[in-house]
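Visitor: quick one, what's the 3D model for this:
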Amino acid sequence: MQLIEKKRWILFGLPFSFTKYIIKEDVLTIDSGLFKKVENDCYMYKIQDVKLERGFFQRLFGLGDVVCYTGDTTHQQLIIKNVKHSQEVKDFILDKSEEARMRRRTIHSLNIGAGGEDIELSEE
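Guide: Residues are numbered from 1 along each chain as shown. Purely as a prediction, here's the structure:
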């Protein structure tokens with residue numbers, strides 16, 4: 001299964017943009033540009049968290065921004081701007097990213113630090 005959505009103008013939610021979002025079960029692709037095409041991919045297992053942002057005018061026209069926080073080196077934050085069905089898009093990405101991590105047996109962990117000191121292990 002995949003979702004395809006276009007970036008839209010906030011005014012009336014019209015899709016007058018050259019940015020297309022393709023969300024598959026294993027990869028998220030942002031395809032943008034008219035004269036210079038740029039395609040940016042991020043594997044689903046690298047998406048660590050997802051946030052939905054909806055301003056007043058976005059809510060008025062049924063749009064929203066889905067922000068994906070990733071472990072990707074090129075884009076640590078992917079923003080899917082002004083898309084319809086933003087709640088469903090967010091939920092789909094969240095579910096598929098969790099499934100992809102489980103399939104790859106990948107876990108996400110935060111480095112909370114150990115006081116900045118090196119820990120030495122010794123055998124006694």
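
Visitor: could you list the low-pLDDT ranges of the protein?
Guide: For the chain, the stretches with pLDDT under 70 are 11-14, 106-124.

Visitor: all helices of it, in order?
Guide: Remark: helices assigned in the chain by DSSP state H are 56-60, 86-104.

Visitor: now distance to Gln76 and mean neighbour count too, for those helices, in JSON lines please.
Guide: From N, CA and C alone the C-beta is placed, and that goes for glycine too. Shown next, in JSON lines, are these (distance: least, Cβ to Cβ, whole Å; neighbours: other Cβ atoms under 10 Å):
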{"stretch": "helix 56-60", "distance to Gln76": "23", "mean neighbour count": "12"}
{"stretch": "helix 86-104", "distance to Gln76": "15", "mean neighbour count": "17"}
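
Visitor: out of these, flag the one nearest Val27.
Guide: Closest to Val27 of the helices of the chain is helix 86-104 (Cβ to Cβ; 9.0 Å).

Visitor: how about the CA coordinates for the closest one, as PDB?
Guide: Taking C-alpha atoms only, helix 86-104 is exported to PDB below (Å, rounded to 0.1, in the frame of the first residue of the first chain):
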ATOM      1  CA  SER A  86      -2.800  14.900   7.500                       C
ATOM      2  CA  GLN A  87      -4.000  12.900  10.500                       C
ATOM      3  CA  GLU A  88      -4.200   9.700   8.400                       C
ATOM      4  CA  VAL A  89      -0.800  10.400   6.800                       C
ATOM      5  CA  LYS A  90       0.800  10.800  10.300                       C
ATOM      6  CA  ASP A  91      -0.800   7.600  11.600                       C
ATOM      7  CA  PHE A  92       0.200   5.700   8.500                       C
ATOM      8  CA  ILE A  93       3.900   6.800   8.800                       C
ATOM      9  CA  LEU A  94       3.900   6.100  12.500                       C
ATOM     10  CA  ASP A  95       2.500   2.600  12.000                       C
ATOM     11  CA  LYS A  96       4.800   1.700   9.000                       C
ATOM     12  CA  SER A  97       7.900   3.100  10.700                       C
ATOM     13  CA  GLU A  98       7.300   0.900  13.700                       C
ATOM     14  CA  GLU A  99       6.600  -2.100  11.500                       C
ATOM     15  CA  ALA A 100       9.800  -1.500   9.600                       C
ATOM     16  CA  ARG A 101      11.900  -1.200  12.800                       C
ATOM     17  CA  MET A 102      10.400  -4.500  14.000                       C
ATOM     18  CA  ARG A 103      11.100  -6.300  10.700                       C
ATOM     19  CA  ARG A 104      14.700  -5.100  10.700                       C
END
